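Peer 1: sequence unknown, structure follows:
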């Protein structure tokens with residue numbers, strides 16, 4: 001791998017304009033394809049083989065009228081009853097019914113969907129086109145029409161699960177702040193404007209190409225609406241970091257007296273190959289999301305892996321071409337005076353700190369371990385749920401509709417269960433509908449059951465059951481389980497609430513295999529890279545501790561509400577069930593990034609000195625400033641997403657930032673040198689039989705001799 005990255009980098013640097021032209025062609029082609037044949041983004045929350053999916057398929061095949069997407073127009077009389085405002089209500093519904101793609105709009109007075117006190121009601125609006133095809137822009141227009149249809153004394157809001165799920169998320173624009181902070185960190189790290197700008201530009205190119213590629217991908221498969229923000233968040237962070245590591249090593253080599261081409265070749269020989277392995281770890285971790293078997297997670301994993309792959313490709317081709325083109329100009333625009341790199345190895349804070357930790361490792365191991373366990377402790381009380389309109393900002397029309405419905409009809413009306421009866425099943429099923437309805441109505445967790453609808457061919461019956469609790473309440477999950485236990489094999493329960501409950505069950509069932517696959521793949525990769533059994537085992541354990549700490553912080557902030565007002569939350573909110581699953585591969589992959597960069601430098605020093613303590617100190621001294629800078633950039637990028645008004649994005653941003661901060665400080669600065677000091681030569685233990693069987697994949701730099709290239713001015 002070292003030879004491959006070195007030769008590829010040298011070839012790219014010697015023909016910079018050709019390499020840059022290829023990248024411009026790739027950007028242009030993907031942008032053109034995205035604009036012409038890119039698909040829509042769709043959230044597929046169905047759990048394959050689940051009862052809810054079977055019911056939905058049955059409806060689509062036999063009773064498509066009942067399967068049509070619906071939203072609710074919620075009406076509220078401010079100082080009287082809706083009956084007293086009948087004329088205003090009729091005027092409003094007429095105006096709303098004239099909006100495009102409205103197939104039908106019920107009359108709440110005729111349908112009986114008026115609350116007992118007469119103040120609140122709702123009309124069921126049926127769409128003539130699937131919501132996924134209409135997209136978020138249509139629901140934005142529809143909500144504007146509904147809210148704008150207010151008559152004097154009557155309030156109108158757009159509600160229902162589809163209105164919430166398809167609402168366009170407002171953007172905060174704070175992502176730009178993360179890039180600005182990253183630029184400041186790079187200026188401090190490098191001291192020159194040109195060197196600082198190179199990683200930023202490279203990351204933006206990679207993310208731009210990646211987003212275009214994801215849009216093209218959406219034309220051939222269902223891609224989640226969350227794929228773009230997650231992929232952009234991770235791609236921006238790794239894109240900057242990968243370029244940072246290579247540029248830092250390149251400038252270090254130049255400062256040691258190597259001519260530009262040799263400095264670049266040696267940087268790619270060490271840091272370049274580390275980038276490939278680090279990026280490969282992230283890609284493996286993200287593609288492992290497919291193990292869960294949920295379309296929404298599979299698409300997020302593939303999309304993020306694609307952006308990381310592009311970032312790696314840019315780092316080993318476009319970056320060398322740029323550095324080759326810049327030559328000595330990489331040091332232009334000096335803004336800070338820096339000491340010579342050669343004087344920092346054995347006389348630096350990092351070197352002294354590493355020796356201090358190595359001198360008394362046990363107190364540091366115990367102290368750092370106790371701190372990580374304390375941060376992770378709240379995970380024992382974690383509760384996850386799928387987001388509902390009740391978690392939306394109080395200013396949104398979906399949240400107002402949710403609260404009005406709960407006030408007028410009880411919380412369960414926001415999470416109705418749809419019961420589907422297959423009347424073509426063997427036996428006399430025609431008489432069973434009433435019996436099934438009666439048994440469901442007797443359940444203490446069910447508030448009411450609607451009248452059944454029968455398909456035109458008499459093959460399918462459908463009715464709804466309203467729980468006594470809201471969609472995110474654990475008691476609703478109990479209600480779904482109890483109702484299903486009452487039903488014969490040809491009767492199914494579906495609806496958004498049942499679908500998300502099946503999704504949560506799927507996550508719980510597949511999580512052990514998912515985590516095991518990531519741990520196993522990462523162990524094998526690190527064993528190949530570092531020729532050690534101990535190093536990958538230790539890395540996996542430390543990464544699990546840092547990830548556990550991040551989960552604990554999420555529980556404390558979001559679930560318990562500690563300091564939630566500081567990040568724009570209105571109070572405690574449940575952890576979105578998908579967030580811990582998405583976070584795990586991202587964090588494990590990114591933590592392995594720093595592990596690979598630090599340990600590859602330590603391994604390089606150990607191969608040269610065979611002194612375990614000194615190699616750890618020199619490795620930390622050589623990478624400490626760069627890893628810290630990289631971590632600060634990651635934290636800044638991830639924290640910028642905390643400003644998003646969407647709670648799930650806040651969770652992801654805060655969780656990722658917390659884990660990276662823990663990993664770059666407690667783990668890399670304390671636990672790594674302390675444990676490596678305790679283990680000594682055992683760090684690099686590998687059975688001889690295994691050593692003979694494994695292919696040789698190394699990350700140590702091999703000194704190579706190249707003819708000095710002409711310096712470009």
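Peer 2: Structure received. All figures in this text were calculated on a predicted structure; none of them were measured in a lab.

Peer 1: mind listing the strands for the chain?
Peer 2: For the chain, the strands defined by DSSP state E cover 70-77, 102-105, 120-127, 154-159, 384-385, 417-422, 446-449, 453-454, 460-467, 491-494, 575-576.

Peer 1: In this protein, which helix is the longest?
Peer 2: Looking across the chain with DSSP state H, the single longest helix is helix 496-530.

Peer 1: Output the strands of the chain as CSV; include the columns mean pLDDT.
Peer 2: Formatted as CSV, those follow (pLDDT from 0 to 100):
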stretch, mean pLDDT
strand 70-77, 94
strand 102-105, 93
strand 120-127, 95
strand 154-159, 93
strand 384-385, 86
strand 417-422, 93
strand 446-449, 93
strand 453-454, 91
strand 460-467, 94
strand 491-494, 93
strand 575-576, 90
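
Peer 1: Neighbours of residue 382, how many?
Peer 2: Residue 382 has 15 neighbouring residues, counting by other CB atoms under 10 Å. For glycine as for every other residue, the C-beta is placed from the backbone atoms N, C-alpha and C.

Peer 1: Tell me how far it lies from residue 296.
Peer 2: Relative to residue 296, residue 382 is positioned 20 Å away (criterion: CB to CB, to the nearest Å).

Peer 1: And for residue 681?
Peer 2: 47 Å.

Peer 1: Neighbour count: these two, which is higher?
Peer 2: residue 296 (23 against 10).

Peer 1: Could you verify my assumption that that one touches residue 221?
Peer 2: No. Using CB atoms under 8 Å, residue 296 is not in contact with residue 221, being 11.7 Å away.

Peer 1: Any idea how far apart the tips of stretch 553-562 sit?
Peer 2: In stretch 553-562, first residue to last residue: 9 Å (CA to CA, to the nearest Å).

Peer 1: What's the mean pLDDT across it?
Peer 2: Mean per-residue pLDDT for stretch 553-562: 94.

Peer 1: and the gap between residue 148 and residue 31?
Peer 2: Here residue 148 is placed at a distance of 36 Å from residue 31 (CB to CB).

Peer 1: Who has more neighbours out of those two?
Peer 2: Neighbours per residue (other CB under 10 Å) separate residue 148 from residue 31, with residue 31 holding more: 18 against 11.

Peer 1: Apart from its chain neighbours, what residue comes closest to the more buried one?
Peer 2: Nearest residue to residue 31, sequence neighbours excluded (CB to CB, 6 or more residues apart in numbering): residue 212, at 5.0 Å.

Peer 1: what about the one you found, how many residues close to it?
Peer 2: The number of residues packed near residue 212 is 22, by other CB under 10 Å.

Peer 1: so who does it touch?
Peer 2: Residues near residue 212 by CB atoms under 8 Å, 6 or more residues apart in numbering: 27, 30-31, 33-34, 38.

Peer 1: Surely residue 453 and residue 423 touch.
Peer 2: No. Between residue 453 and residue 423 there is no contact under CB under 8 Å: 11.9 Å.

Peer 1: Find the residues that touch each one of those two.
Peer 2: residue 461.

Peer 1: In terms of neighbours, single out the busier of these two.
Peer 2: Legend: neighbour count by other CB under 10 Å for residue 453 and residue 423, higher for residue 423 (18 against 13).

Peer 1: Residue 462 is in contact with the more buried one, correct?
Peer 2: No. Taking contacts as CB under 8 Å, residue 423 lies outside contact range of residue 462: 10.6 Å.

Peer 1: about what we covered before: what angle separates the longest helix of the chain from strand 460-467?
Peer 2: Helix 496-530 and strand 460-467 are oriented at 80 degrees to each other (axes from the mean of the first three to the mean of the last three CA atoms, to 10 degrees).

Peer 1: in helix 496-530, what's buried?
Peer 2: Within helix 496-530, the residues scored as buried using 16 or more other CB atoms under 10 Å are 496-504, 506-507, 510, 514-515, 517-519, 521-523, 525-530.

Peer 1: Could you do stretch 123-131 as well?
Peer 2: Neighbour-count burial for stretch 123-131 flags 123-125, 127, 131 (criterion: 16+ other CB under 10 Å).

Peer 1: Export those residues as a markdown table, with columns for distance to residue 257.
Peer 2: Output for the buried residues of stretch 123-131, formatted as a markdown table (distance: CB to CB, whole Å):
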| residue | distance to residue 257 |
| --- | --- |
| 123 | 78 |
| 124 | 77 |
| 125 | 73 |
| 127 | 70 |
| 131 | 64 |
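
Peer 1: got a pLDDT number for residue 630?
Peer 2: Confidence score, pLDDT, at residue 630: 86.

Peer 1: cool, and the one 10 residues further on?
Peer 2: Taken from the predicted model, the pLDDT recorded for residue 640 is 86.

Peer 1: where's it relative to residue 654, distance?
Peer 2: Here the criterion is CB to CB. By it, residue 640 lies 11 Å from residue 654.

Peer 1: and if you look at residue 602?
Peer 2: 31 Å.

Peer 1: got it, and residue 458?
Peer 2: Separation of residue 458 from residue 654 (CB to CB): 53 Å.

Peer 1: Can you pick out the residue with more neighbours from these two?
Peer 2: Higher neighbour count among residue 458 and residue 654: residue 654, with 20 against 11, using other CB under 10 Å.

Peer 1: I figured that one was touching residue 556, is that so?
Peer 2: No. Taking contacts as CB under 8 Å, residue 654 lies outside contact range of residue 556: 10.6 Å.

Peer 1: what residues does stretch 93-106 touch?
Peer 2: Identification of contacts with stretch 93-106 by CB under 8 Å, 6+ apart yields 68, 73, 107, 113, 123-129, 134, 138, 141-142, 145-146, 149, 156.

Peer 1: Could you pull out the buried residues of it?
Peer 2: Residues of stretch 93-106 classed as buried: 93, 96, 99, 101-102, 105-106 (neighbour count, 16+ other CB under 10 Å).

Peer 1: need those in CSV with distance to residue 166, can you?
Peer 2: Shown next, in CSV, are those (distance: CB to CB, whole Å):
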residue, distance to residue 166
93, 21
96, 17
99, 15
101, 12
102, 15
105, 18
106, 20
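
Peer 1: ok, those vs residue 325, which is closest?
Peer 2: residue 101 (52.3 Å; CB to CB).

Peer 1: Now do the longest helix of the chain: distance to the chain's middle.
Peer 2: Helix 496-530 sits 14 Å away from the centroid of its parent chain (CA atoms, centre = their mean, to the nearest Å).

Peer 1: before we move on, what about stretch 323-330?
Peer 2: Here the centre of stretch 323-330 is set off from its chain's centre by 36 Å, with CA atoms, centre = their mean.

Peer 1: if you average pLDDT over that stretch, what comes out?
Peer 2: Averaging pLDDT along stretch 323-330 gives 91.

Peer 1: And it, end to end?
Peer 2: Length of stretch 323-330, first residue to last, CA to CA: 7 Å.

Peer 1: can you check stretch 31-42 too?
Peer 2: Stretch 31-42 end-to-end distance (CA to CA) = 20 Å.

Peer 1: Quick check: which ranges of the stretch 251-400 of the chain have low pLDDT?
Peer 2: The model of the stretch 251-400 of the chain has pLDDT under 70 over residues 336-347.

Peer 1: cool, and the stretch 51-200 of the chain?
Peer 2: Within the stretch 51-200 of the chain, the ranges that satisfy pLDDT under 70 run 169-175.

Peer 1: Next, the residue nearest to residue 458 when sequence neighbours are not counted: phi, psi?
Peer 2: Counting by CB to CB, 6+ apart, residue 423 is the residue found nearest to residue 458 once chain neighbours are left out, at 6.2 Å. The phi and psi values for residue 423, taken as degrees, to the nearest 10, are phi -80, psi -10.

Peer 1: Report pLDDT for residue 423.
Peer 2: We note a pLDDT of 88 for residue 423 in this prediction.

Peer 1: Distance check, it against residue 53.
Peer 2: 20 Å.
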